[in-house]
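J.: missing the sequence, but the structure's below:
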């Protein structure tokens, strides 16, 4: 089924309407407007004499009152029925290929309405037999008592077509008006009011097209779409919930949620599952879309994971401090807590620790010196090199009482920078790190007055902050050498300096056969290219990953030589211009 033909048919309709308006404003056109109720052939009903039963090309008949007719009619001009108007005929009416009937009020035809031109309906039309070789734009209601025969014509507009006998067949004579011999039923609510014959479609022959997305049968989807199945998980935190509507696929029809498990926390009307306090486990739901002849069902499986809360206690000797616990460095008594994420469920778990310290009678002295400061005198000990110097004493608490000197002598080397140096795209995250030196303070400097004292740095890199970065560190008053690294972006696309190609020679000689937008834009950002012909019709659309424009339309048809208009939309802005298509 075709689902993208509305735009094409509306363009055709707009062209015909423009042609009709041009004809109606010529020097030879005549306009007849009703001034009272009465018969179509009664001259007193009109303000400008009697209109002909064969409305001539360029003439316009406007009905603002209740007008009846018993004669057959041929419309080559325009018959306009305004909101206040009502027109009924007991005989055949034919709309020629250049003619138009526009009903905004009430139209009743007790015989055949044969459409070779255009029929626009925003009001109520009751027709015995409807034969469509041209274009019907129906935003109101059309009720057909006998057969609706779309014979190469087009029906769209989003209105309601009440019929119990819809036939479709190709017709080469329709090409001049619709552009195609194949009949098309686009945006309509198709319905049969006969309770014994609910299916309004009777016979489909030759080439035909029904828009399965926008055509409904008595307000029910022609082909129901409940979307894809989904498997999701959620952590059972306080106040948490999940809206199943957010899990539905794009473009699904209206349907009904049903839970197949018994959570007791699901609101089928809103589609919201309240998980606050819900027992961890897996819960399943269905989404059912009822169509005219079948149903479609999608399934949703949601697993609820628990959030854990545990507690423990630990006592450390003072000389064993600091104590490393789950990434926290503890050197004071107290109650500590940390939130950890499970690698299995992805849910947070809260871990609590009651931390106490057994005191020691001596302390730990940590000293860092430059090599020029040696020897170091400490409590009668002469330290000529780095290392640990200690005296250990027993303690009644079970912890050793230790006098400890931890002396580090820094023979500082140049810091080792850990970074890939480049990123692929602007705004990509660059990891700028240095090999850690215990106890050192690092000092980074770079473009745009960049400064940092972190061992690990991560930031977005683009053209403005690319360049030379340097780092040194200070350890116990000693300063290291400076290390440097150049950070750059591999792919930089300057949109304002980009000149879009304006000529394409699509002759399949592998030379300038297509416009390779991705080659110019690079791999770092999305874009959208739209190509329109000289009449403003959209003939091609390309986004990242899609085929390049090579002189063919969206439908794969070869486009004629000429000038086409393009619009390139990019994250940095948009650019428009002309493309010369040569063969």
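T.: Received the coordinates, thanks. Not measured: the values here are computed from a predicted model. Residues are numbered from 1 along each chain as shown.
J.: Quick check: residue 340 touching residue 347?
T.: No. Counting by CB atoms under 8 Å, residue 340 stays clear of residue 347, with 9.7 Å between them. In short, each C-beta sits where N, CA and C put it, glycine included.
J.: So the two - more neighbours on which side?
T.: Neighbour count, other CB atoms under 10 Å: between residue 340 and residue 347, residue 347 has more, with 19 against 14.
J.: Apart from its chain neighbours, what residue comes closest to residue 249?
T.: Distances taken as CB to CB, 6 or more residues apart in numbering put residue 227 closest to residue 249, at 3.0 Å, once the chain neighbours are dropped.
J.: and the one you found, helix, strand or coil?
T.: Three-state assignment for residue 227 (DSSP: H, G, I helix; E, B strand; the rest coil): coil.
J.: Okay, residue 412 and residue 232: tell me how far apart.
T.: Distance, residue 412 to residue 232, by CB to CB, to the nearest Å: 53 Å.
J.: higher neighbour count, these two?
T.: Remark: of residue 412 and residue 232, residue 412 carries more neighbours, 18 against 12, as counted by other CB under 10 Å.
J.: Wait, residue 462 touches residue 424, no?
T.: No. Residue 462 lies out of contact with residue 424 (CB under 8 Å); the separation is 11.9 Å.
J.: so what sits against both of the two?
T.: residue 489 (CB atoms under 8 Å, 6 or more residues apart in numbering).
J.: So between those two, which is more surrounded?
T.: Counting neighbours by other CB under 10 Å for residue 462 and for residue 424 shows that residue 462 has the greater number, 14 against 11.
J.: do you know how far that one is from residue 488?
T.: Residue 462 sits 10 Å away from residue 488, going by CB to CB.
J.: Just give the nearest non-adjacent residue to residue 399, would you?
T.: Nearest to residue 399 is residue 317, by CB to CB, 6+ apart, at 3.3 Å.
J.: count of neighbours near the one you found?
T.: Residues near residue 317, counting by other CB under 10 Å: 18.
J.: what pairs with it across the strands?
T.: When bridges are called by DSSP bridges, residue 317 pairs up with residue 358.
J.: Let me see the ranges of the helices in this structure.
T.: Listed in chain order, the helices of the chain (DSSP state H) span 6-24, 175-178, 517-521.
J.: Return the distance of the second one from the chain's centre.
T.: For helix 175-178, the separation from the chain centroid amounts to 35 Å (computed by CA atoms, centre = their mean, to the nearest Å).
J.: rewinding a little: worst mean pLDDT among the helices of the chain?
T.: Mean pLDDT across the helices of the chain is lowest at helix 6-24; the value there is a mean of 41.
J.: what about stretch 500-509, distance to the chain center?
T.: Worked out by CA atoms, centre = their mean, stretch 500-509 lies 31 Å from the chain centre.
J.: Figure out the length between the terminal residues of that stretch.
T.: End-to-end distance of stretch 500-509 (CA to CA, to the nearest Å): 21 Å.
J.: For that stretch, list every residue counted as buried.
T.: Within stretch 500-509, the residues that qualify as buried are 504-506, counting by 16 or more other CB atoms under 10 Å.
J.: Identify the residues contacting that stretch?
T.: Contacts to stretch 500-509, defined as CB under 8 Å, 6+ apart, come from residues 511-515, 549-552, 558, 566, 568, 575, 577-583.
J.: end to end, how far does stretch 300-311 reach?
T.: Its first and final residues considered, stretch 300-311 spans 36 Å by CA to CA.
J.: Just the buried positions in it, please.
T.: In stretch 300-311, counting by 16+ other CB under 10 Å, buried: 300, 302, 304-307.
J.: Repeat that for stretch 159-179.
T.: Buried, per 16+ other CB under 10 Å, within stretch 159-179: 159-171, 174, 177-178.
J.: Tell me who's in contact with the closest residue to residue 151 other than its chain neighbours.
T.: Distance criterion CB to CB, 6+ apart; nearest residue to residue 151, sequence neighbours excluded, is residue 171 at 4.6 Å. Applying CB under 8 Å, 6+ apart to residue 171 gives the contacts 133, 151-153, 181, 183.
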